[in-house]
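Enquirer: model the structure of this input:
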Amino acid sequence: MSFLDKVWYKKLGVLNAPVIIPLLPLSAAFSLISRIRRERYKSGKKYSLRVKPVVIVVGGISVGGTGKTPLCISLLQRLSDLGYTVGLLSRGYKGKSKEYPLVVTSSSNVLECGDEPLLIKLSVRDKATVVVDPNRERGAQYLEKLGVDVIVTDDGLQHYALQRDFEIIVIDAQRMLGNGFLLPAGPLREGEWRLDTADIVVTNGNPAEPKSNYQSMHLVPSPAVSLESFCSNQGFHDYLQKGTPVVALAGIGNPNRFYNTLKSCGYNIVSTIDTGDHGVVSKQTLINNSQKFPIVMTAKDAVKYADYKLDNLYVLNVEAVLPEKFYQIVASKLYDLTTERFKD
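Expert: Reported below is the predicted structural model:
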């Protein structure tokens, strides 16, 4: 269990109180600054851009991985199947492009666009246009010029400079809201009250205390497949047999979820490589570990190492499965919004 798991994701008690209590004044200051910032956008004192396409924000109120990216992929695929022209907007965290907006293709350089946008593009292919821009307003305007009628933003719930029509908040059913405190005493960017303002709250897994307005999402894994097969788009082959001893590599916000998924799929984890969210390990580290055991990584990690052309690297991909009611709620709201907005 990591340090943050012991502090942020445990109720206030004897063990974590000495760390949390001194941080509470900073959390109070963070809360005040956040509230003032929200109110300035709400009152119109700070400009907030409205674009013609319907904007759906898929975000969270806590730091770390909650499953937003798999949900975005599933949502883009469903909206495309319904006949919408959809675009995905991301800030491209850790990507360093010389020019923005950047349209992501299946052959884009992950160092330029970032790992999540490239993974999304490889997953949705021609069903959606994926654009990266640290300036979300500019990126949204670019997608509008490209003719999309729905923009899905991967994260950006607290980015109020871009107006949104529909909010989906994703929370981890195991961690939930942790100790309930705002940063830095806890994991929250905004308080629990924010859940009541969302159009849909999606829990990644089944929460211990489910609420009627929550929709449960399950990340269903596929058997681990070779890295080359996963990134080639030529059909999967070279599956890794269950029971195989493996090294688990996770550059995501909640690596323990990935490790538990690997175990549930029947793989025997002999060691782990935890790089931190969006982290990267050296090629030599991969070589050294893969000479001993197969390395199994997340799909988000896979796009970072595809060009290394190394053997004994595998990918365990997951697919977001949501109840049909979730898509019905989105489709109904979207139909009303697009009918009104594009009536001319």
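Enquirer: would you map the strands across the stretch 151-300 of the chain?
Expert: 166-172, 200-204, 214-221, 225-226, 245-250, 268-274, 295-298 (DSSP state E, counting those that start in this stretch).
Enquirer: which one of the ones you listed lies closest to residue 324?
Expert: strand 214-221 (10.2 Å; CB to CB). Where C-beta positions appear, they are placed from N, C-alpha and C, glycine not excepted.
Enquirer: partners of the closest one, with directions?
Expert: In the sheet, strand 214-221 lines up against strand 200-204 (parallel), strand 318-321 (antiparallel) (DSSP bridges).
Enquirer: mean neighbour count, distance to residue 312 and mean pLDDT for those - can I get that in TSV?
Expert: What follows is the strands paired with strand 214-221, written out as TSV (neighbours: other CB atoms under 10 Å; distance: least, CB to CB, whole Å; pLDDT from 0 to 100):
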stretch	mean neighbour count	distance to residue 312	mean pLDDT
strand 200-204	22	30	96
strand 318-321	17	21	96
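Enquirer: rounded mean pLDDT for stretch 70-89, please.
Expert: In this model, stretch 70-89 has a mean pLDDT of 97.
Enquirer: where does the chain dip in pLDDT?
Expert: 1, 3, 233-237, 344 (pLDDT under 70).
Enquirer: what segments of it are helices?
Expert: 3-7, 17-20, 24-43, 68-81, 110-113, 115-124, 136-145, 227-232, 255-264, 283-290, 299-305, 324-341 (DSSP state H).
Enquirer: want to try CSV for the ones you listed, with mean neighbour count as columns?
Expert: As requested, the helices of the chain are arranged in CSV below (neighbours: other CB atoms under 10 Å):
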stretch, mean neighbour count
helix 3-7, 14
helix 17-20, 13
helix 24-43, 13
helix 68-81, 22
helix 110-113, 20
helix 115-124, 25
helix 136-145, 20
helix 227-232, 19
helix 255-264, 18
helix 283-290, 15
helix 299-305, 24
helix 324-341, 14
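Enquirer: adding distance to residue 154, write those out as JSON lines.
Expert: Shown next, in JSON lines, are the helices of the chain (distance: least, CB to CB, whole Å):
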{"stretch": "helix 3-7", "distance to residue 154": "23"}
{"stretch": "helix 17-20", "distance to residue 154": "30"}
{"stretch": "helix 24-43", "distance to residue 154": "21"}
{"stretch": "helix 68-81", "distance to residue 154": "5"}
{"stretch": "helix 110-113", "distance to residue 154": "12"}
{"stretch": "helix 115-124", "distance to residue 154": "6"}
{"stretch": "helix 136-145", "distance to residue 154": "11"}
{"stretch": "helix 227-232", "distance to residue 154": "20"}
{"stretch": "helix 255-264", "distance to residue 154": "18"}
{"stretch": "helix 283-290", "distance to residue 154": "27"}
{"stretch": "helix 299-305", "distance to residue 154": "12"}
{"stretch": "helix 324-341", "distance to residue 154": "16"}
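Enquirer: wait, which of the ones you listed is closest to residue 171?
Expert: Checking those against residue 171 by CB to CB gives helix 68-81 as the closest, at 10.2 Å.
Enquirer: for that closest one, give me every contacting residue.
Expert: Here helix 68-81 makes contact (CB atoms under 8 Å, 6 or more residues apart in numbering) with 56, 58-60, 86, 88, 116, 119-120, 123-124, 127-128, 150, 152, 154-155, 168, 170, 202, 217, 219, 300, 318-322, 327, 330, 334.
Enquirer: output it as PDB, nothing but the C-alphas.
Expert: Taking Å, rounded to 0.1, in the frame of the first residue of the first chain, the C-alpha atoms of helix 68-81 are listed here in PDB:
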ATOM      1  CA  LYS A  68     -12.300   8.000 -17.400                       C
ATOM      2  CA  THR A  69     -10.400   7.000 -20.600                       C
ATOM      3  CA  PRO A  70     -12.100   3.600 -21.100                       C
ATOM      4  CA  LEU A  71     -15.500   5.300 -20.500                       C
ATOM      5  CA  CYS A  72     -14.600   8.000 -23.100                       C
ATOM      6  CA  ILE A  73     -13.800   5.200 -25.600                       C
ATOM      7  CA  SER A  74     -17.000   3.400 -25.000                       C
ATOM      8  CA  LEU A  75     -19.000   6.600 -25.200                       C
ATOM      9  CA  LEU A  76     -17.400   7.700 -28.500                       C
ATOM     10  CA  GLN A  77     -18.100   4.400 -30.100                       C
ATOM     11  CA  ARG A  78     -21.700   4.400 -29.100                       C
ATOM     12  CA  LEU A  79     -22.300   8.000 -30.200                       C
ATOM     13  CA  SER A  80     -20.700   7.300 -33.500                       C
ATOM     14  CA  ASP A  81     -22.900   4.300 -33.900                       C
END
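Enquirer: mind listing what's buried along stretch 245-254?
Expert: Residues of stretch 245-254 classed as buried: 246-254 (neighbour count, 16 or more other CB atoms under 10 Å).
Enquirer: ok, now stretch 218-229?
Expert: Buried residues in stretch 218-229, counted by 16+ other CB under 10 Å: 218-219, 224-229.
Enquirer: that's all I had, so thanks and see you.
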